[in-house]
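Enquirer: This is the structure alone, sequence omitted:
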């Protein structure tokens with residue numbers, strides 16, 4: 001090989017290496033710009049004093065979260081560390097993990113601490129114009145470690161851990177989600193207001209201990225959201241679980257609602273524009289349909305204690321208070337003009353009051369009911385609404 005040929009190959013290799021380095025170097029400012037473009041409905045922005053790139057890691061120094069609109073406010077987030085960032089096809093980014101600094105906030109005699117805050121498996125879309133989940137900013141897991149609230153040197157609230165996960169289908173046309181908050185504890189013994197203190201002691205709520213769980217799914221083609229479980233479970237109180245399903249919440253509807261929200265934020269002082277946007281939002285909501293719902297409460301002693309306390313306030317016993325409630329329910333339902341459904345509700349309430357175990361309100365129509373139909377029945381013929389929704393009320397089942 002001649003010296004001239006070797007020199008040319010060396011220069012060509014150097015050029016390609018340099019070009020490759022520029023092609024693969026992360027653009028931290030572009031990443032931040034696309035995070036803000038994808039963030040919710042544009043109701044807030046994330047800014048940083050500087051953006052530092054070190055290989056595949058990005059550091060947002062002095063990050064700040066600012067809400068938009070009339071009541072603008074900012075929260076300092078500190079330095080955010082984005083680990084193992086890679087640029088994907090179409091200008092999107094994947095981030096292995098975003099770590100937030102611990103929260104340690106103190107004001108006068110109160111303090112709040114939060115640790116182990118992070119997002120894992122974050123997807124930042126290159127464009128928000130698509131109609132599948134790849135056009136949304138998503139994550140595999142959102143996590144918070146222990147939370148503590150201390151007032152006057154005494155811990156009044158704590159939470160052990162909170163975690164939420166998203167699982168996107170391979171075709172990016174549906175996803176499932178789960179979340180839980182564990183180790184929730186609240187100390188209400190230090191409440192100073194005399195009436196509140198009396199109620200807390202009577203209801204045996206000086207300490208509260210429980211958890212919250214949720215799971216569901218979203219299918220883009222039909223816009224069907226199913227929340228299978230949204231449960232609040234607290235010792236000595238009971239468990240309240242909400243489940244429901246609606247359809248019509250498509251990606252197109254999401255984008256229209258986001259655009260309407262941006263319009264409202266851009267003209268906060270224009271009352272006519274706000275009213276017009278509000279009516280537009282109601283119109284968009286009418287594209288949705290109701291599939292089913294259930295509200296169920298399983299008692300853990302709070303009902304009996306509540307009747308005892310209410311009776312004491314009226315100068316009577318818990319048993320007599322229970323009879324008063326049973327007598328009042330038909331009168332209140334009669335004012336709601338619910339027809340024969342009122343008798344079903346009264347019978348279920350009576351059974352529950354006599355033996356508090358569970359009370360369930362369900363609505364399962366034969367087929368999905370458009371929201372405008374529900375609104376029309378509620379305003380024009382409320383007695384037909386239970387039949388339209390397939391409503392039932394049962395106790396202790």
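Expert: That came in fine, so what should we check first? Since this is a predicted model, take the numbers as computed values, not measurements.

Enquirer: partner residues bridging residue 119?
Expert: On the basis of DSSP bridges, residue 119 takes part in beta bridges with residue 98, residue 142.

Enquirer: Assess the claim that it and residue 94 are in contact.
Expert: No - assessed by C-beta atoms under 8 Å, residue 119 is found out of contact with residue 94, at 12.0 Å. No exception for glycine: its C-beta is placed from N, CA and C like everyone else's.

Enquirer: The two: which has the busier surroundings?
Expert: Neighbours were tallied for residue 119 and for residue 94 using other C-beta atoms under 10 Å; the higher tally belongs to residue 119 (21 against 13).

Enquirer: Helices along the stretch 151-300 of the chain, start to end?
Expert: Along the stretch 151-300 of the chain, the stretches classed as helices by DSSP state H, counting those that start in this stretch are 194-202, 251-266, 271-285.

Enquirer: Now those helices in TSV, please, with extra columns for distance to residue 238, mean neighbour count and mean pLDDT.
Expert: Rendered in TSV, the data for those read as follows (distance: least, C-beta to C-beta, whole Å; neighbours: other C-beta atoms under 10 Å; pLDDT from 0 to 100):
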stretch	distance to residue 238	mean neighbour count	mean pLDDT
helix 194-202	17	13	90
helix 251-266	35	16	78
helix 271-285	32	13	75
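
Enquirer: what's the closest of these to residue 44?
Expert: Taking C-beta to C-beta, helix 251-266 is the member of those nearest to residue 44, at 10.0 Å.

Enquirer: What is the end-to-end distance of stretch 121-131?
Expert: Distances were taken as C-alpha to C-alpha, to the nearest Å; on that basis the terminal residues of stretch 121-131 are 21 Å apart.

Enquirer: in that stretch, what's buried?
Expert: For stretch 121-131, the buried set under the neighbour-count rule, 16 or more other C-beta atoms under 10 Å, comprises 121, 122, 123, 124, 125, 126.

Enquirer: mean confidence for it?
Expert: For stretch 121-131, the mean pLDDT works out to 89.

Enquirer: Just give me the neighbour total for residue 307.
Expert: Residues contacting residue 307 under the criterion other C-beta under 10 Å number 21.

Enquirer: confidence score at the nearest residue to it once chain neighbours are set aside?
Expert: Leaving out its chain neighbours, the residue that sits closest to residue 307 by C-beta to C-beta, 6 or more residues apart in numbering is residue 318, at 4.3 Å. What the model reports as pLDDT for residue 318 is 90.

Enquirer: Residue 318 touches residue 325, doesn't it?
Expert: No - Residue 318 is not in contact with residue 325 according to C-beta under 8 Å; the separation is 10.4 Å.

Enquirer: Quick check: neighbours shared by these two?
Expert: residue 307 (C-beta atoms under 8 Å, 6 or more residues apart in numbering).

Enquirer: State the helix or strand in which residue 64 lies.
Expert: When elements are assigned from DSSP states H and E, residue 64 belongs to strand 57-67.

Enquirer: Let me fix that, I meant to ask about residue 388.
Expert: Under the assignment here (DSSP H and E), residue 388 is part of helix 385-389.

Enquirer: Other residues contacting that helix?
Expert: Counting contacts by C-beta under 8 Å, 6+ apart, the residues outside helix 385-389 that touch it are 290, 338, 339, 341, 363, 365, 369, 373, 374, 377, 378, 391.

Enquirer: now do 7 Å
Expert: With contact meaning C-beta atoms under 7 Å, 6 or more residues apart in numbering, helix 385-389 is reached by 338, 341, 363, 365, 369, 373, 374, 377, 378.

Enquirer: Give me the secondary structure label for the fourth one.
Expert: At residue 365 the chain is in coil, as set by DSSP: H, G, I helix; E, B strand; the rest coil.

Enquirer: check contacts around the residue lying closest to it once chain neighbours are set aside.
Expert: What sits nearest to residue 365 in space, not counting adjacent residues and going by C-beta to C-beta, 6+ apart, is residue 390, at 4.3 Å. Counting by C-beta under 7 Å, 6+ apart, residue 390 makes contact with 363, 364, 365, 366.

Enquirer: Kindly give a single PyMOL line that selects the buried subset of the residues you listed.
Expert: This is how PyMOL selects the buried members of these, with burial counted by 16+ other C-beta under 10 Å:
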select buried, resi 363+365
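
Enquirer: quick one: low-confidence ranges for the stretch 151-300 of the chain?
Expert: 264-270, 273 (pLDDT under 70).

Enquirer: hmm, back to that, export the contacts of helix 385-389 as JSON lines, with columns for pLDDT and distance to residue 155.
Expert: Rendered in JSON lines, the data for the contacts of helix 385-389 read as follows (pLDDT from 0 to 100; distance: C-beta to C-beta, whole Å):
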{"residue": "338", "pLDDT": "81", "distance to residue 155": "46"}
{"residue": "341", "pLDDT": "89", "distance to residue 155": "47"}
{"residue": "363", "pLDDT": "96", "distance to residue 155": "41"}
{"residue": "365", "pLDDT": "95", "distance to residue 155": "47"}
{"residue": "369", "pLDDT": "94", "distance to residue 155": "47"}
{"residue": "373", "pLDDT": "90", "distance to residue 155": "50"}
{"residue": "374", "pLDDT": "89", "distance to residue 155": "45"}
{"residue": "377", "pLDDT": "85", "distance to residue 155": "49"}
{"residue": "378", "pLDDT": "83", "distance to residue 155": "45"}
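
Enquirer: Looking at these, which are in strands?
Expert: Counting by DSSP state E, the part of the contacts of helix 385-389 found in strands is 363, 369.

Enquirer: Residue 302: which of the contacts of helix 385-389 is nearest?
Expert: For the contacts of helix 385-389, the residue nearest residue 302 by C-beta to C-beta is residue 363; the value is 24.7 Å.

Enquirer: quick one: the closest one from residue 388, how far?
Expert: 9 Å (C-beta to C-beta, to the nearest Å).
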